[in-house]
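In: okay, predicted coordinates and the sequence, questions at the end:
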Amino acid sequence: MIRINADISIDEDEVEQRFIRASGPGGQNVNKLASAVQLRFDVRRSRSLPDDVRARLERLSGKRLSKDGVLVITAQRHRTQERNRRDALDRLIALVHRAAVPPVARRATKPTAGSRERRLESKKHRGSLKGLRQTKPPLD
């Protein structure tokens, strides 16, 4: 079991890991070894996630979520498979942990009387400066 918090744990059978070749510089090792990890987690079919967490996770995943509802995380920062596997798993845990916390509703506030007064005063001042720029018609 992969522990997210006190309430949520993901079964390890739900997470699939495949090893692929990493892109970028790295010399001969890049062409020979499959050190990058592609972690796949089916968000929509997961039995471990509550519905509200699932919905927030789908929203947070962005372009990492496929049309089928599979979250794909690719880790290739490190040179070894084990460190990349740990990195991908940590990123999955962090993402699910973020989704597990419900967002705090925004409380609407009003501007203070002083700030409204300062705003109107600055508008009057700016208007008077612009008024001074106008050309006056000649006296006949």
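Out: Now that the structure is in, tell me what you want to look at.
In: mind listing the helices for this structure?
Out: 28-32, 51-61, 81-100, 113-133 (DSSP state H).
In: shaky segments in the chain?
Out: 3-6, 9, 11-12, 24-32, 140 (pLDDT under 70).
In: centroid-nearest residue for this structure?
Out: Nearest residue to the geometric centre of the chain (CA atoms, centre = their mean): L60, 5.6 Å.
In: my read: that residue touches A99, true?
Out: Yes - if you go by CB atoms under 8 Å, L60 and A99 touch, sitting 5.4 Å apart. Where you see a C-beta, it was placed from the backbone N, CA and C, and this is true even at glycine.
In: OK, contacts around I73?
Out: Q38, L39, F41, R64, A88, R91, L92, L95 (CB atoms under 8 Å, 6 or more residues apart in numbering).
In: what's the separation between the nearest residue to it once chain neighbours are set aside and R133?
Out: Excluding the flanking residues, the one nearest I73 by CB to CB, 6 or more residues apart in numbering is L39, at 4.5 Å. From L39 across to R133, the span is 63 Å (CB to CB, to the nearest Å).
In: so between those two, which is more surrounded?
Out: Set side by side, L39 and R133 show more neighbours around L39, with 20 against 6, by other CB atoms under 10 Å.
In: which residues does the more buried one bridge with?
Out: Beta-bridge partners recorded for L39 (DSSP bridges): Q17, I73.
In: isn't it up against I20?
Out: No - L39 lies out of contact with I20 (CB under 8 Å); the separation is 10.9 Å.
In: report the contact partners of I8.
Out: Contacts of I8 by CB under 8 Å, 6+ apart are S48, L49, P50, V53, V96, A100.
In: out of those residues, which is most surrounded?
Out: V96 (25 neighbours).
In: check the gap between that residue and N84 for me.
Out: Taken as CB to CB, the span from V96 to N84 is 19 Å.
In: likewise E16?
Out: Taking CB to CB, one finds E16 at 15 Å from N84.
In: which of those two has more neighbours?
Out: N84 (25 against 13).
In: quick one, what contacts the more buried one?
Out: A22, S35, A36, V37, A75, Q76, R77, H78.
In: quick check: the third one touching R18?
Out: Yep, that's A36 we're talking about. No - applying CB under 8 Å, one finds A36 not in contact with R18, separated by 9.3 Å.
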